[in-house]
Every structure is written in C-alpha cells, then in structure tokens.
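Peer 1: sequence first, predicted model second:
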Amino acid sequence: MFPFSPLGLQVNGLDLLITPTRTYDQEELETLLPGPQMYASKVLEEDISVATSFTPDEHGRERYVIWAPDPLLLRQKLARLITILTTLENYTHLILLPYPAFSRSVDQVQIFEQRHLYQRTLITRELKQATHSTLQQWLEGLTHDFLEVGRLADSMRYRLSASVPYDRIVHSNALALQEHPLPYGGTLTDYIQWKITGVADGYQQLLSRIQALEQDFEGTIAVLRTKVELLLQEQNLAQQDQNMKLLASVDNTTKSQVVLQHTVEGLSVIVIAYYVSGLAGYVFKALHEFGWLAKPELASGIFVPIALGLSFAIITWGRNRIHKKMSATSRSSPTPDRS
C-alpha cells in the first residue's frame with residue numbers, strides 16, 4: 001500500500017494480492033475480500049483465477065486476489081492481466097466520476113426546458129401586440145437564461161466528452177479478459193457492465209438536450225430581434241412621413257412669403273411713386289407761380305409714369321445692394337475646421 005497519492009485527481013486505489021502455486025475456496029476469499037458480494041472467474045483462457053468484491057476497504061482501496069497452480073504460467077500472463085485489470089478499474093471510475101454532476105445537470109436542464117417552454121408560449125401569444133419595453137424585457141430574460149445554459153453546456157462538454165471513448169476502452173478490455181465464471185460468484189465483467197451500462201449514452205443524451213435547448217433559445221431570441229427591427233423600421237417610416245409633411249409645409253410657407261414679398265414690393269413702388277409725384281406737383285406749381293411753367297397739372301400727369309419708373313429703379317437697386325452685402329458676409333465668414 002502507498003500512503004501518498006501522486007499529483008492530480010485520485011481515480012481509485014487497488015491492492016493486488018498475487019499468490020502462485022495455490023488455490024482459494026469461497027470461505028478463504030470471503031475472509032480476504034471486504035464487502036458482501038464476491039466476483040470471481042478464470043481469465044485469459046488459462047488456469048488463472050481472479051477474485052474481487054469491488055468494495056473499498058477501511059483505507060478506501062479495492063482488493064484483487066490473483067492465483068494460479070502453475071507459477072510459470074502466471075508469470076508469463078501476469079503483466080497483461082494487471083494491465084487489463086487496472087485499465088478496467090481506471091476507466092470504469094473515470095466514466096462514473098462525473099455522474100453526480102450529471103445528475104444535478106439533468107435537473108437544471110429540465111428546469112430550463114420548462115421555463116423556456118413557458119416563455120415561448122407567452123411570446124407566441126402576445127408577440128403581435130408587444131411593445132418595445134415588453135420586447136426588451138423578454139430579450140433580457142432570454143439572454144440571461146441562454147448564458148446560463150451556455151455555461152452549463154461548456155461545463156458538461158468538458159466533463160462528459162470523453163465518456164464514449166472510455167466506454168469503448170472498458171468494453172474492449174472486458175472482452176480481452178476472456179472470463180469463465182467460477183461456481184461461487186459472478187464474473188468481473190458482469191459487475192462492470194451493470195455499473196456502466198447506459199451511463200455513457202445518458203451522458204450523450206444530456207449533451208444533445210443541452211444543444212437543442214441552446215438552439216431553441218437562439219431561435220426565440222432571433223425572432224424577438226426581428227420583431228424589434230420591424231418596429232424600428234415602422235418608426236423610421238413614420239418619422240420620414242412626418243418629415244416629408246414638415247418639408248411640404250415649409251415649402252408652402254416659403255412660397256407664400258415670396259408672393260407676399262412681391263406684393264409688398266409692388267405696393268412700395270406705388271407708394272414711393274405717389275410721394276414722388278406729390279413732391280413733383282409742388283415743384284411744378286412753384287414753377288408756374290414764377291411764370292416758368294404754363295400748365296403745372298399737365299406736367300404733373302406726365303411725371304407720374306416717370307415717378308413709377310424711378311420708384312421701381314430705387315426698389316431694384318436697394319434689393320440688389322442687400323443681396324450683395326449678404327453674399328459678401330457669407331463668403332467672409334470662417335469655415336469650421338473638420339480636421
């Protein structure tokens with residue numbers, strides 16, 4: 001027995017009791033092997049016997065008894081036999097090592113499946129009238145569950161991914177053992193097959209369930225994201241329609257302002273012409289009093305078209321001057337630096 005374990009995880013502990021040139025009966029084996037049940041058989045198609053109970057003793061170690069009447073035969077087959085037995089023990093324990101975590105994960109996966117079924121039923125029923133806040137709440141809940149399922153999937157893939165090759169190694173070594181049962185116990189292979197039958201398949205079924213659950217979450221999240229995108233497109237179209245109406249209103253207002261400006265300019269020409277004509281009338285009357293002009297009324301009438309032309313010229317000159325000043329101001333203003 002070794003009091004210390006090597007670095008790493010201790011899979012199991014074995015004691016091999018090898019006794020050549022003798023045989024054991026059932027009573028002697030029961031005193032050597034702990035536990036209530038004993039398994040014994042002849043192996044390797046030879047007169048070599050192996051017995052064990054697969055029950056750890058007070059030190060946590062399992063015990064094997066190996067014997068053969070012919071010491072030379074036992075010496076020739078011993079290395080291969082020990083390799084087969086230790087391989088069976090190691091890989092059987094490696095298959096069963098993640099079983100507690102597997103049992104807990106089965107319950108967790110079932111909870112996530114039930115929760116997602118409820119979420120999907122609720123979303124299917126209320127998706128058409130769902131608001132933006134409702135969609136955001138659904139997405140937050142689904143994303144959280146999806147991350148939890150992803151974490152569980154990574155952990156289980158790490159723990160269970162090697163179970164299938166381990167199971168094949170156990171089966172191949174069980175066949176290589178070539179057992180024939182002794183009359184006072186079952187074979188070693190019977191016990192090993194009872195312990196691991198269906199375990200690796202159960203592991204793979206759990207991984208398949210987790211993968212399907214991940215795909216379900218991804219599909220539901222994709223549907224909600226599509227719904228959010230459609231709502232955003234509807235809002236953008238409504239905003240564009242509102243902007244078009246606003247632009248049309250601004251265009252109509254601009255046109256109205258242009259018409260009003262032209263009307264004001266026309267009235268301004270008439271008003272200026274009226275005042276200029278009035279001033280000219282006073283001048284013509286003064287000239288008549290001095291005897292320089294015989295008919296002031298005729299001169300005033302003739303001057304009215306001239307006054308209109310002068311008014312129009314004044315308005316045009318003033319408008320052009322204002323436009324030139326505005327253009328000069330816009331050209332002289334500094335441009336913003338976009339570097």
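Peer 2: Cool, the structure landed. Residues are numbered from 1 along each chain as shown.
Peer 1: contact partners of stretch 132-147?
Peer 2: The set of residues external to stretch 132-147 that reach it, using Cβ atoms under 8 Å, 6 or more residues apart in numbering, is 112, 115-116, 119, 123, 126, 130, 214, 217-218, 220-221, 224-225, 227-228, 231. Using the backbone N, CA and C atoms, a C-beta is placed for each residue, glycine as well.
Peer 1: now stretch 132-150: buried residues?
Peer 2: 135, 138-139, 142, 145-146, 149 (16 or more other Cβ atoms under 10 Å).
Peer 1: which ones among those residues lie within helices?
Peer 2: Residues of those located in helices (DSSP state H): 135, 138-139, 142, 145-146, 149.
Peer 1: residue 243: which of those residues is nearest?
Peer 2: residue 135 (25.4 Å; Cβ to Cβ).
Peer 1: just to revisit the earlier point, of the contacts of stretch 132-147, which belong to strands?
Peer 2: Among the contacts of stretch 132-147, none falls in strands (DSSP state E).
Peer 1: drop anything exposed from the residues you listed.
Peer 2: 112, 116, 119, 123, 130, 214, 217, 220-221, 224, 227-228.
Peer 1: can I get these in TSV including distance to residue 284 and pLDDT?
Peer 2: Conversion of the buried ones among the contacts of stretch 132-147 to TSV gives the following (distance: Cβ to Cβ, whole Å; pLDDT from 0 to 100):
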residue	distance to residue 284	pLDDT
112	106	94
116	102	93
119	98	91
123	93	91
130	86	85
214	103	93
217	99	93
220	95	92
221	93	92
224	89	90
227	85	88
228	83	87
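Peer 1: contacts only, for residue 78.
Peer 2: So residue 78 contacts 18, 66 (Cβ under 8 Å, 6+ apart).
Peer 1: roughly how far apart are the closest residue to residue 54 other than its chain neighbours and residue 119?
Peer 2: Spatial nearest neighbour of residue 54, excluding adjacent residues (Cβ to Cβ, 6 or more residues apart in numbering): residue 191 at 5.6 Å. According to Cβ to Cβ, to the nearest Å, residue 191 stands 45 Å off from residue 119.
Peer 1: next one: residue 69
Peer 2: Distance from residue 69 to residue 119, by Cβ to Cβ: 69 Å.
Peer 1: and residue 269, how many neighbours does it have?
Peer 2: The number of residues packed around residue 269, counting by other Cβ atoms under 10 Å, is 20.
Peer 1: residue 54 too?
Peer 2: 19.
Peer 1: swap in residue 262?
Peer 2: Counted with other Cβ under 10 Å, residue 262 comes out at 10.
Peer 1: which helix or strand contains it?
Peer 2: Element membership for residue 262 (DSSP states H and E) is helix 199-289.
Peer 1: so what does that helix touch, helix or strand wise?
Peer 2: helix 71-96, helix 99-126, helix 132-160, helix 163-177, helix 296-332 (3 or more Cβ pairs under 8 Å, 6 or more residues apart in numbering; DSSP states H and E).
Peer 1: how close does the closest residue to residue 24 other than its chain neighbours get to residue 74?
Peer 2: Spatial nearest neighbour of residue 24, excluding adjacent residues (Cβ to Cβ, 6+ apart): residue 67 at 6.0 Å. Applying Cβ to Cβ, the value for residue 67 to residue 74 is 8 Å.
Peer 1: and residue 93, by the same measure?
Peer 2: Taking Cβ to Cβ, one finds residue 93 at 26 Å from residue 74.
Peer 1: more neighbours: which of the two?
Peer 2: residue 74 (21 against 15).
Peer 1: residues contacting the more buried one?
Peer 2: Contacts of residue 74 (Cβ under 8 Å, 6+ apart): 18, 20, 48, 66-68.
Peer 1: would you verify that residue 41 is located in a strand?
Peer 2: Yes - with DSSP: H, G, I helix; E, B strand; the rest coil as the criterion, residue 41 is part of a strand.
Peer 1: from memory it sits against residue 187, does it?
Peer 2: Yes - taking contacts as Cβ atoms under 8 Å, residue 41 lies within contact range of residue 187: 4.4 Å.
Peer 1: excluding covalently adjacent residues, which one is nearest to residue 105?
Peer 2: Closest to residue 105 by Cβ to Cβ, 6+ apart is residue 156, at 5.5 Å.
Peer 1: related to what we said a few turns ago, where do the contact lists of residue 41 and residue 187 overlap?
Peer 2: Shared contacts of residue 41 and residue 187 (Cβ under 8 Å, 6+ apart): 179, 181.
Peer 1: give me the below-cutoff pLDDT ranges for this protein.
Peer 2: Filtered on pLDDT under 70, the chain yields the residue ranges 1-8, 265, 330-339.
Peer 1: list of residues touching stretch 201-218?
Peer 2: 98, 102, 105-106, 109, 112-113, 116, 120, 142, 145-146, 149-150, 152-153, 156-157, 160-161, 163-164.
Peer 1: so the residue nearest to residue 54, which state does it fall into?
Peer 2: helix.
Peer 1: tell me how far it lies from residue 170.
Peer 2: Distance from residue 191 to residue 170, by Cβ to Cβ: 12 Å.
Peer 1: do the same with residue 251
Peer 2: Taking Cβ to Cβ as the measure, residue 251 falls 84 Å from residue 170.
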